[in-house]
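In: Structure of the sequence below:
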Amino acid sequence: MLSIVEARSVDLVLKQVVEGVAAQSNAALVRIWLVGKGDLCPDCRLREKCFDHSSCLHLAASAGGSLAGDQAYSRLDGGFRRVPMEGFKIGQIAATGRALLAPNVTGNEPWAANPKWIKCQGVKSFAGLPLVFHGGTLGVLAVFERAPLVDSDFEWLRLFADHAAVAIANARAFEEIDRLRSRLERENAYLQEEVKEALKFGEIVGSSPPLRKALGQIELVARTDASVLILGESGVGKELVARAIHERSDRRNRPLIKVNCGAIPETLFESEMFGHIKGAFTGAVKDRAGRFELADGGTLFLDEVGEIPLALQAKLLRVLQEQQFERVGEERSRHINTRIVAATNRPLKEEVEAGRFRADLYYRLSVFPIEVPPLRDRREDIPLLAAHLVKVAAKKMNLPPPRIEREQIDLLRAYDWPGNVRELQNAVERAVILAQNGPLRFDLVLPATPTQSDGEGKPSPPPAGTSGVTTRAALKERERESIRAALQQTNGKIFGPRGAAELLGMKGTTLASRIKALGIKNG
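Out: As a prediction, the model looks like this:
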């Protein structure tokens, strides 16, 4: 009794109980079943005897041995690994909470589940005791004895079962405390990394009408639990929008967990998202929580959600619908309360029509879509955004913020920024490094402005004040020509080796977005 009360692991408590009883008696078999979730085994041999599939008894510990000494009864995967509630005497003890003593067992009793084994092993008596804690039945302790059990033996077993129930409840409490402590440590480590990452980009900056519209949508949806789908080209700041939604929600005191769906190999997707238990597969050397579990009570940001393989989309949909999941290799379901914010630079509606993305998952994710405008559509934000990024970059590099001259601001506004804010940030950081305490200079390459004729066949110079500046319309036309030429050279192939994206030096998803934005027909 002292040893089991001191144990802080449920498995250790159960092992000590069954082995302790077996060592102190003439026991043929001592077992403990615990109440657990039902309907886990479609091939259960006792399924027809199960009146309520919501719960059943799970064999959790076993000790004893055969008369011949050739077999130890410690296995947990036999025919009685599950027992229905109210099924057999074990199930009736759990359902009623009443102990049972059968002092003279012959094997011919109508309740005997395995008469042949009882006679073969010389079982003479049976005791079944409910494990009760605070009025609730945790499970059943069953003892099959090779000697008659008298009332004093039964009272001793009853006392022992009461102590065992308390020890099991305490061990579960200790395990829950350890689980919560471990989860808090993981969250703290994750959040520290997230804070470092977030500081790279600063806050959302700008006041243009397209950006104000997106910010208004953030304010509308933030305090709800609705799923949000953030749409926009690569580099527009979709993660900042997700962070703004989380920080303005009632979940702001819980973590925002980010998952780059495009960076997870298909074979590891389930483990990364739902976690796994030790031994679930080769290399699973310890239990590991998945991203859904880390985000419990908070927000899960699924970046590049359009990259999830079609075969795995159904599993993600189930978790979103039922708010529960199982770790890989585990039977127990875990319930969560997680808000989903997803982002993509793919046209998901077209992906659904093409059969590459599930329609039901799309509608589950896009309860409230938010379109983040590309930088070229909010050029009036560029001066303010550039000044902000200069301060952030200079502080990070421990340098004084260099000044930006008007000529350079005009250059920034004239450029089309196919990489959006991310490209602007990289350009600013490069310029800050090269400034050497002087003014900023941006090495952006703008297409040359088409020359005009003066009527005598000689090109005339550009109008005064426009030297080196290309109009927005001219930039777009040059971009169209460049993309059409790349598509023609690659026979319309966008993605992959020797595709148009590789030829142009950009991501395939970015090129696909530009093709759509510029109205270019491919093939």
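
In: Which other helices and strands does the host helix or strand of A28 contact?
Out: Here A28, judged by DSSP states H and E, is contained in strand 27-37. Applying 3 or more Cβ pairs under 8 Å, 6 or more residues apart in numbering; DSSP states H and E, one finds that strand 27-37 contacts helix 10-23, strand 55-64, helix 88-96, strand 136-145. For glycine as for every other residue, the C-beta is placed from the backbone atoms N, C-alpha and C.

In: export the ones you listed to TSV and tack on mean neighbour count and mean pLDDT?
Out: What follows is the helices and strands packed on strand 27-37, written out as TSV (neighbours: other Cβ atoms under 10 Å; pLDDT from 0 to 100):
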stretch	mean neighbour count	mean pLDDT
helix 10-23	20	88
strand 55-64	22	89
helix 88-96	20	87
strand 136-145	23	92
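
In: Could you export the ones you listed as a markdown table, including distance to H163?
Out: Below are these laid out as a markdown table (distance: least, Cβ to Cβ, whole Å):
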| stretch | distance to H163 |
| --- | --- |
| helix 10-23 | 9 |
| strand 55-64 | 15 |
| helix 88-96 | 18 |
| strand 136-145 | 11 |
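
In: re the thing from before, quick one: average pLDDT of the strand holding A28?
Out: What strand 27-37 shows for mean pLDDT is 89.

In: ok, that strand: who's next to it in the sheet?
Out: strand 55-64 (antiparallel), strand 136-145 (antiparallel) (DSSP bridges).

In: for those strands, which one sits closest to E380?
Out: strand 55-64 (62.3 Å; Cβ to Cβ).

In: who's in contact with the closest one?
Out: 11, 14-15, 17-19, 21-22, 27-38, 50, 72-76, 78, 80-85, 90-91, 94, 139-140, 144 (Cβ atoms under 8 Å, 6 or more residues apart in numbering).

In: Can you list the strands that the helix or strand following it pairs with?
Out: Going down the chain from strand 55-64, the next helix or strand is strand 82-84, by DSSP H and E. Looking at strand 82-84 with DSSP bridges, its partner strands are strand 55-64 (antiparallel).

In: Indicate which one of the helices and strands packed on strand 27-37 is closest to R403.
Out: Ranking the helices and strands packed on strand 27-37 by their distance to R403 (criterion: Cβ to Cβ) puts helix 10-23 first, at 65.8 Å.

In: can I get the CA coordinates of the closest one in PDB?
Out: Output in PDB follows, covering the C-alpha atoms of helix 10-23 (Å, rounded to 0.1, in the frame of the first residue of the first chain):
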ATOM      1  CA  VAL A  10      -0.400   5.200 -13.500                       C
ATOM      2  CA  ASP A  11       1.400   2.300 -15.300                       C
ATOM      3  CA  LEU A  12       3.700   1.900 -12.200                       C
ATOM      4  CA  VAL A  13       0.700   1.900  -9.800                       C
ATOM      5  CA  LEU A  14      -1.200  -0.700 -11.800                       C
ATOM      6  CA  LYS A  15       1.900  -2.900 -12.100                       C
ATOM      7  CA  GLN A  16       2.600  -2.700  -8.300                       C
ATOM      8  CA  VAL A  17      -1.100  -3.500  -7.500                       C
ATOM      9  CA  VAL A  18      -1.400  -6.700  -9.600                       C
ATOM     10  CA  GLU A  19       2.100  -8.000  -8.800                       C
ATOM     11  CA  GLY A  20       1.600  -7.200  -5.100                       C
ATOM     12  CA  VAL A  21      -1.700  -9.100  -4.800                       C
ATOM     13  CA  ALA A  22      -0.300 -12.000  -6.900                       C
ATOM     14  CA  ALA A  23       2.700 -12.300  -4.600                       C
END
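
In: how big is the angle separating it from strand 136-145?
Out: 30 degrees (axes from the mean of the first three to the mean of the last three Cα atoms, to 10 degrees).

In: other SSEs contacting the longest helix belonging to the chain?
Out: Longest helix of the chain, by residue count under DSSP state H: helix 151-199. If you count contacts as 3+ Cβ pairs under 8 Å, 6+ apart, helix 151-199 packs onto helix 2-6, helix 10-23, strand 125-133, strand 136-145, strand 256-260, helix 291-294.
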